[in-house]
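Visitor: pasting a predicted model and its sequence here:
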Amino acid sequence: MQGTAEIATALSKAQSEFPAIAKTRTAAAGSYSYQYADLADMIRALSPTLGKHGLSVSQLFGFHEGALCLRSILLHSSGERLESSLPIPWEGGRPQELGSFITYARRYSLAALLGVAAEEDDDGQAAETAGKPKPKRARSPQKAQTITRAQVERLFALCADSAERLEVPRKLVEGILRQALGDLGFKSTKDLTREVYEALCERMERLSLDDLAKHESQPAESAF
């Protein structure tokens, strides 16, 4: 059985020297927002310290029991390694959707493997929400179908991608998203059901300049 004494020592030293990771990205999650570091920011910040201590990270894809998985491997110059595996939810949809899931999976897996924080801690927000009494509703099953925080983040990432592709301000694209939410009867993205969420993701991904022009000329109507 392979030991981990050397890699554990090297990782401990590296963790004590890791620089603060600049969280330059902003994600809006319903009624609140948070800062996070994207994958490129993390790699740029951590690689020098990892290399100094003979460490490197490799992220590979494979299948386990028929499911696509991301394997994140921390390697040491001694030959020792630590690794983790994370299933990727993929059922043969659009390649762009798979790319979004992969990006998030790589970022979260890398942070967990190295013991660093890539985004602001929202435990306070979660605790505040959990502490408030919630009235009982007749349609409780719909509550269980609302989207996750990662899905909210992906939706806004698609907005950013479309803004960059169309060379327009990101706020303009997010304005179209907010208008669409209102037209559908949702107050914020965190209330979205999964069925509506997938449709919104597809439309934000396919956003065109004609959609933007329609939004600016008819702000009271939905661009969708």
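Guide: That came through, no problem.
Visitor: going by C-alpha atoms from here, please, whenever you check contacts or count neighbours.
Guide: Will do.
Visitor: dump the residue contacts of the nearest residue to Pro169 once chain neighbours are set aside.
Guide: Leaving aside its sequence neighbours, Pro169 sits nearest to Ala163 (CA to CA, 6 or more residues apart in numbering; 6.0 Å). Shown in contact with Ala163 (CA atoms under 8 Å, 6 or more residues apart in numbering): Pro169, Arg170, Leu172, Val173.
Visitor: looking at those, state which has the most neighbours.
Guide: Val173 (24 neighbours; other CA atoms under 10 Å).
Visitor: quick one: the helices in this structure?
Guide: In the chain, the helices defined using DSSP state H lie at 5-17, 39-52, 95-114, 123-131, 140-144, 149-166, 170-183, 194-205, 209-217.
Visitor: could you dump these to CSV with distance to Leu60?
Guide: As requested, the helices of the chain are exported to CSV (distance: least, CA to CA, whole Å):
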stretch, distance to Leu60
helix 5-17, 20
helix 39-52, 15
helix 95-114, 10
helix 123-131, 31
helix 140-144, 32
helix 149-166, 21
helix 170-183, 32
helix 194-205, 26
helix 209-217, 37
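Visitor: export these to TSV and tack on distance to Arg81 and mean pLDDT?
Guide: Converted to TSV, the helices of the chain look like this (distance: least, CA to CA, whole Å; pLDDT from 0 to 100):
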stretch	distance to Arg81	mean pLDDT
helix 5-17	7	95
helix 39-52	13	93
helix 95-114	11	82
helix 123-131	31	43
helix 140-144	39	42
helix 149-166	28	83
helix 170-183	41	84
helix 194-205	38	79
helix 209-217	49	71
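Visitor: Arg194: neighbour count?
Guide: 16.
Visitor: hmm, it is touching Ile147, no?
Guide: Yes - between Arg194 and Ile147 a contact is recorded at 5.5 Å, counting by CA atoms under 8 Å.
Visitor: how about the helices of the chain, which one is nearest Thr26?
Guide: helix 149-166 (9.4 Å; CA to CA).
Visitor: figure out how far the closest one is from the centre of its chain.
Guide: Centroid separation for helix 149-166 versus its chain: 10 Å, with CA atoms, centre = their mean, to the nearest Å.
Visitor: show me the contacts for the residue nearest the centre of the chain.
Guide: By CA atoms, centre = their mean, the chain has its centre lying nearest to Tyr104, at 4.3 Å. Shown in contact with Tyr104 (CA under 8 Å, 6+ apart): Ala150.
Visitor: still on that earlier bit, out of the helices of the chain, nearest to Arg71?
Guide: helix 95-114 (8.6 Å).
Visitor: give me the angle between that closest one and helix 149-166.
Guide: Taking axes from the mean of the first three to the mean of the last three CA atoms, to 10 degrees, one finds helix 95-114 and helix 149-166 inclined to each other by 120 degrees.
Visitor: Phe18 - how many residues pack around it?
Guide: Neighbours of Phe18 using other CA under 10 Å come to 16.
Visitor: so how far is Gln59 from it?
Guide: 20 Å (CA to CA, to the nearest Å).
Visitor: so the residue nearest to Phe63 when sequence neighbours are not counted bridges to which residues?
Guide: Among residues not flanking Phe63 along the chain, Cys69 sits closest, at 5.5 Å (CA to CA, 6+ apart). Assessed by DSSP bridges, Cys69 has beta-bridge partners Gly62, Pro87.
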